[in-house]
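A.B. asks: Please find the sequence and the predicted model below.
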Amino acid sequence: MLIGAIEAGGTKFICGVGNETGVIEERVSFPTEHPERTLGNVIDYFRGKQLDAMGIGSFGPIDVDPKSRFYGCVTTTPKAGWSWFPFLDSLKQVFDVPFGWDTDVNTAALGEATWGAAQGLGSCIYYTIGTGVGAGVYAEGRLVHGLVHPEAGHVLTRRHKDDHFAGACPYHGDCLEGMAAGPAIEKRWNLKGSELPADHPAWEMEAYYIGQAVTGAILMLSPKKVILGGGVMHQKQLFPMIRKEVQTQLNGYVSAEQIVNHIEDYIVPPGLGDNAGLCGALALGLKAANTD
Ligand SMILES: Nc1ncnc2c1ncn2[C@@H]1O[C@H](COP(=O)(O)OP(=O)(O)OP(=O)(O)O)[C@@H](O)[C@H]1O
Ligand SMILES: [Zn+2]
């Protein structure tokens with residue numbers, strides 16, 4: 001089986017083809033520009049390939065309700081031209097194959113649940129901490145949608161005692177994304193995260209905020225694995241700090257072995273590394289092929 005995979009990011013698009021075992025055979029990448037131009041590039045790349053299905057994990061927010069007339073669109077984005085643009089339909093008009101469509105983070109969660117760190121577990125939550133913060137939720141063997149889809153990057157946070165930064169979210173100020181995304185780190189410390197030393201106090205603060213979000217997710221969803229990806233999580237020293245923070249915040253209330261004794265196997269980086277998104281899109285395409 002040959003599946004087309006699209007990781008549609010706000011900064012760049014990655015397209016690739018792979019098979020039902022999760023192997024990506026080739027890939028290309030181009031910058032996210034006006035949708036007509038960007039999707040023109042997508043179509044040019046996939047045209048002529050004998051695809052059985054396609055999967056798209058998109059930056060959001062997006063419409064994931066198949067009954068909605070805006071299904072397959074990015075909804076309210078500041079990115080020029082993308083709001084309500086018929087993203088999915090433009091591709092469906094050219095490629096007569098089953099399509100999978102979901103948020104970038106739900107897609108990465110599916111990739112991890114299918115071939116990565118949460119393989120065979122039936123549930124996980126996947127956070128990306130990058131330019132924004134988002135989370136995908138896989139529970140009881142399926143991706144979670146509802147009224148819209150989870151927007152776990154914007155949960156409210158309790159402020160760190162030494163933090164006087166107002167917060168960078170245009171909607172909420174000091175929500176999780178406003179306090180912990182890459183641009184928040186840069187605004188607070190006047191240095192990019194990648195330029196801050198590993199022992200800088202920034203990371204203790206960062207772990208405090210991510211730890212709160214993960215604690216909330218554990219209490220609300222009881223995921224069998226917590227996966228933390230995105231550019232900021234390249235700071236590997238954050239992992240032990242976040243694990244400790246979660247244990248401190250839970251304070252013994254959740255007595256599962258994974259939290260008490262094996263938290264290093266419970267809160268982990270993506271098993272698929274930087275391929276989580278593209279492999280997830282492959283898994284979405286595969287699901288679409290199998291349900292069509
Ligand atoms: N090594 C690093 N340490 C700390 N922060 C980093 C590092 N590398 C990248 N970042 C920060 O991560 C952010 C970029 O995140 P990422 O690489 O996940 O890209 P993105 O795809 O634009 O993010 P998003 O998934 O939110 O769209 C930037 O704010 C950058 O400063
Ligand atoms: Zn917010």
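C.D. replies: That came in fine, so what should we check first? Numbering: from 1, shown residues only. Ligands and ions are numbered 1, 2, ... in the order given.
A.B. asks: Before we go further, Tyr209 is sitting in a strand, right?
C.D. replies: No: using DSSP: H, G, I helix; E, B strand; the rest coil, the assignment for Tyr209 is helix, not a strand.
A.B. asks: Got phi/psi on the nearest residue in space to Asp104 that is not next to it in sequence?
C.D. replies: Spatial nearest neighbour of Asp104, excluding adjacent residues (C-beta to C-beta, 6 or more residues apart in numbering): Gly57 at 4.5 Å. The C-beta positions use only the backbone N, C-alpha and C, and glycine is treated the same way. Note on Gly57: backbone dihedrals following degrees, to the nearest 10 are phi -110, psi 120.
A.B. asks: go on, Leu238?
C.D. replies: Backbone torsions for Leu238, taken as degrees, to the nearest 10, come to phi -70, psi -30.
A.B. asks: Whichever residue of the stretch 151-292 of the chain sits closest to ligand 1: neighbour count?
C.D. replies: The minimum distance from the stretch 151-292 of the chain to ligand 1, using C-beta to the nearest ligand atom, falls at Gly182 (1.9 Å). The number of residues packed near Gly182 is 20, by other C-beta atoms under 10 Å.
A.B. asks: surely it meets Val133?
C.D. replies: No: look at Gly182 against Val133 with C-beta atoms under 8 Å: they stay out of range, at 9.2 Å.
A.B. asks: rewinding a little: for the residue of the stretch 151-292 of the chain closest to ligand 1, give its distance to Thr21.
C.D. replies: Computed as C-beta to C-beta, to the nearest Å, the Gly182 to Thr21 distance reads 33 Å.
A.B. asks: next one: Tyr253
C.D. replies: Tyr253 is 40 Å from Thr21, by C-beta to C-beta.
A.B. asks: now His164
C.D. replies: 51 Å.
A.B. asks: per-residue pLDDT, the residue of the stretch 151-292 of the chain closest to ligand 1?
C.D. replies: Note for Gly182: predicted pLDDT of 98.
A.B. asks: what's near enough to touch the residue in the stretch 1-150 of the chain that ligand 1 sits nearest to?
C.D. replies: Proximity of the stretch 1-150 of the chain to ligand 1 (C-beta to the nearest ligand atom) peaks at Gly130, 2.4 Å away. Gly130 is in contact with Ala181, Gly182, Gly230, Gly231, Val232, counting by C-beta atoms under 8 Å, 6 or more residues apart in numbering.
A.B. asks: Who does the residue nearest to Asp104 form a beta bridge with?
C.D. replies: When assigned by DSSP bridges, Gly57 has beta-bridge partners Glu7, Asp102.
A.B. asks: number of nearby residues for it?
C.D. replies: The local packing of Gly57 (other C-beta under 10 Å) involves 34 other residues.
A.B. asks: Isn't it up against Ile14?
C.D. replies: No: using C-beta under 8 Å, Gly57 is not in contact with Ile14, being 9.7 Å away.
A.B. asks: Overlap in contacts, the two.
C.D. replies: Residues touching both Gly57 and Ile14 (C-beta under 8 Å, 6+ apart): Ile6, Glu7, Gly277.
A.B. asks: could the residues you listed go into CSV alongside neighbour count?
C.D. replies: Shown next, in CSV, are the shared contacts of Gly57 and Ile14 (neighbours: other C-beta atoms under 10 Å):
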residue, neighbour count
Ile6, 30
Glu7, 29
Gly277, 26
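A.B. asks: so Gly18 touches Ile3, yeah?
C.D. replies: Yes: counting by C-beta under 8 Å, Gly18 does reach Ile3; the two are 5.7 Å apart.
A.B. asks: okay, and the common contacts of those two?
C.D. replies: Shared contacts of Gly18 and Ile3, defined by C-beta under 8 Å, 6+ apart, are found at Leu282.
A.B. asks: Give me the more crowded residue out of these two.
C.D. replies: Set Gly18 next to Ile3 and count neighbours by other C-beta under 10 Å: Ile3 wins out with 28 against 25.
A.B. asks: show me what contacts that one?
C.D. replies: 17-20, 51-55, 282, 285-286, 289.
A.B. asks: could you redo the last one with a cut-off of 7 Å?
C.D. replies: Residues near Ile3 by C-beta atoms under 7 Å, 6 or more residues apart in numbering: Val17, Gly18, Asn19, Leu51, Asp52, Ala53, Met54, Gly55, Leu282, Gly285, Leu286.
A.B. asks: Over to Ala8?
C.D. replies: Applying C-beta under 7 Å, 6+ apart to Ala8 gives the contacts Ile56, Gly57, Ser58, Phe59, Asp104.
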